[in-house]
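[1] Sharing a model that was predicted from the sequence below.
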Protein chains: 2
Amino acid sequence: MKIAIIAATGMAGRAVYKEAIDRGHDVTAFVRNRKKAIKLLGAGKFVKKSIYQIAAINLTEFDVVINAFADHENPINNLDALAHLIRIGRGLKTRFVFILGAASLKRKDDRLLYDVMSQLPNNESWIKEPRYGVDELYLLQHDDERLNWTAVSPQQEFVDGPKSSYMTGRDSLLYAADGKSHVTSGNIATAILNEVEEPRFLGQRFTIGDK
Amino acid sequence: MKIAIIAATGMAGRAVYKEAIDRGHDVTAFVRNRKKAIKLLGAGKFVKKSIYQIAAINLTEFDVVINAFADHENPINNLDALAHLIRIGRGLKTRFVFILGAASLKRKDDRLLYDVMSQLPNNESWIKEPRYGVDELYLLQHDDERLNWTAVSPQQEFVDGPKSSYMTGRDSLLYAADGKSHVTSGNIATAILNEVEEPRFLGQRFTIGDK
């Protein structure tokens, strides 16, 4: 398949890129810094564009666009970038896979993780990223305007690591054998490529956790 | 003041344009069709740009940008356009005034107008516009990223008509002397220009109704 990856040099993007290449897909990476991309990913098909420079015409050739963009310093950019991609993606045959955060998932006690986070003291320095992640899912779920989308949430701990075995869920955190909510970048990448090849969650969000 | 009006040829835009000109402001209109603009507004300062073609650099010179854009046929464009303006407007000194819909206001019985609308039968053909209007307010109210904004809601009936006397409120529909919720384009324009000249609702939504 023809797959585009946005922000392929980040933690999630690198893992998804590698998995897609390993499976023999025709992969193009949208990157801001070509040198950095070559250093991190090796030789490949790179298009130098920031996310807001990407227009519909740049995406029509792809079967799937995977958005791995995540701005931890200015997390409002995550919401803005999603809104931009939603707008340009409407009416395209291209399918979009958005990697969101975990805060929009429910905990064992049925409380939204974000709601718990938002009540913690001294959260000013980090609460915006989960907050805008919740808003991203809201935008997607409120949108039924011809956008072909799937969203993916990781777990509370989303760490760089190899693939092992994973499980999927819908709207609740997943707890691994050690009782904790975590997922590696390798497992996220494997699950996303499986979803790309055999869609199960069209127009839906699902979550991936280590077993 | 230097004022830009987006979509100055629509019902609300025309009234706001006229009021701003009458008060002696330096007004620029962003329009898609220059001939139509001249026909409807007379000679003036027009910039031919669709809303998505407007970039931050096109707005920095203005004290205030008033967005009167409303797409009744494809109302998702109202939400997309708002998201676009929010993104490019962040960090600018320019103040933004967004004209939203009335569905995000509460009725006398304390129910959100949209909630009542959404339960009416056979609403498929028109429910999206109020729905995305509610989402527009949600986006603005969730956004505290250096955007200088004020939003304006009209009333249940928003009709072309001259200025008379008006009242303002916050989050509830306003009922005129005849017991109905309505506002003219002339009153909306007057109230918006009053707000532009003497800000009372920075970072807030307010509503305007005929007395």
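    Structure received. Residues are numbered from 1 along each chain as shown, chains lettered A, B, ... in the order given.

[2] contacts and neighbour counts: CA atoms only from here.
    Will do.

[3] can you pull out the strands in chain A?
    Assigned by DSSP state E, the strands in chain A fall at A:2-6, A:26-31, A:45-48, A:64-67, A:95-99, A:149-153, A:157-159, A:166-169, A:182-184, A:204-210.

[4] Can I get the ones you listed in TSV including distance to residue B:6?
    Output for the strands of chain A, formatted as TSV (distance: least, Cα to Cα, whole Å):
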stretch	distance to residue B:6
strand A:2-6	31
strand A:26-31	32
strand A:45-48	32
strand A:64-67	31
strand A:95-99	31
strand A:149-153	31
strand A:157-159	43
strand A:166-169	44
strand A:182-184	46
strand A:204-210	35
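
[5] Which one of the ones you listed lies nearest to chain B?
    strand A:149-153 (16.3 Å; Cα to the nearest Cα).

[6] For the closest one, the averaged confidence score.
    For strand A:149-153, the mean pLDDT works out to 98.

[7] how about the CA coordinates for it, as PDB?
    Only the C-alpha atoms of strand A:149-153 are listed here, as PDB (Å, rounded to 0.1, in the frame of the first residue of the first chain):
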ATOM      1  CA  TRP A 149     -10.500   8.100  10.000                       C
ATOM      2  CA  THR A 150      -9.300   5.800  12.700                       C
ATOM      3  CA  ALA A 151      -7.700   7.000  15.900                       C
ATOM      4  CA  VAL A 152      -5.300   5.200  18.200                       C
ATOM      5  CA  SER A 153      -4.700   5.800  21.900                       C
END
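
[8] I'd like to know which residues of chain A are adjacent to chain B.
    Residues of chain A lying near chain B by Cα under 8 Å from any Cα of the partner chain: A:76, A:80, A:83-84, A:87, A:145.

[9] follow-up on the earlier one: and the strands of chain A as JSON lines, adding mean neighbour count?
    Shown next, in JSON lines, are the strands of chain A (neighbours: other Cα atoms under 10 Å in any protein chain shown):
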{"stretch": "strand A:2-6", "mean neighbour count": "24"}
{"stretch": "strand A:26-31", "mean neighbour count": "20"}
{"stretch": "strand A:45-48", "mean neighbour count": "16"}
{"stretch": "strand A:64-67", "mean neighbour count": "25"}
{"stretch": "strand A:95-99", "mean neighbour count": "25"}
{"stretch": "strand A:149-153", "mean neighbour count": "25"}
{"stretch": "strand A:157-159", "mean neighbour count": "16"}
{"stretch": "strand A:166-169", "mean neighbour count": "16"}
{"stretch": "strand A:182-184", "mean neighbour count": "25"}
{"stretch": "strand A:204-210", "mean neighbour count": "23"}
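
[10] mind checking which of the ones you listed is nearest residue A:122?
    strand A:157-159 (19.9 Å; Cα to Cα).

[11] Tell me which strands that closest one pairs with, and in which orientation.
    Within its sheet, strand A:157-159 is paired with strand A:182-184 (parallel), according to DSSP bridges.

[12] Centroid-nearest residue for chain A?
    Nearest to the mean C-alpha position of chain A, counting by Cα atoms, centre = their mean, stands residue A:99 at 1.2 Å.

[13] List the contacts of it.
    A:66-69, A:151-154 (Cα atoms under 8 Å, 6 or more residues apart in numbering or on different chains).

[14] Now do the contacts for residue A:211.
    So residue A:211 contacts A:165-167, A:175-177 (Cα under 8 Å, 6+ apart).

[15] and the residues you listed, which two are the farthest apart?
    Maximum pairwise distance among those (Cα to Cα): 13.0 Å, between A:165 and A:175.

[16] which one of the two has more residues nearby?
    Using other Cα atoms under 10 Å in any protein chain shown as the criterion, residue A:165 and residue A:175 rank with residue A:175 on top: 19 against 14.

[17] Tell me the spatial nearest neighbour of the more buried one, not counting adjacent residues.
    Of all residues not flanking residue A:175 in the chain, residue A:181 sits nearest, at 4.6 Å (Cα to Cα, 6 or more residues apart in numbering or on different chains).

[18] What score does the residue of chain A most remote from its centre have for pLDDT?
    The centre of chain A is farthest from one residue, residue A:121, which by Cα atoms, centre = their mean lies 28.1 Å away. On the pLDDT scale, residue A:121 is placed at 95.

[19] Tell me who's in contact with residue A:166.
    A:183, A:187, A:191, A:208-211.

[20] before we move on, the earlier item: for the residues of chain A next to chain B, please prepare a markdown table with the additional fields neighbour count and pLDDT.
    Compiled in a markdown table, those are given as follows (neighbours: other Cα atoms under 10 Å in any protein chain shown; pLDDT from 0 to 100):
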| residue | neighbour count | pLDDT |
| --- | --- | --- |
| A:76 | 22 | 92 |
| A:80 | 20 | 94 |
| A:83 | 21 | 94 |
| A:84 | 21 | 95 |
| A:87 | 21 | 93 |
| A:145 | 15 | 79 |
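
[21] Which ones among those lie within helices?
    Judged by DSSP state H, helices contain the following of the residues of chain A next to chain B: A:76, A:80, A:83-84, A:87.

[22] from these, which single one is nearest residue B:112?
    Distance to residue B:112 across these (Cα to Cα) is lowest for residue A:83, with 25.5 Å.
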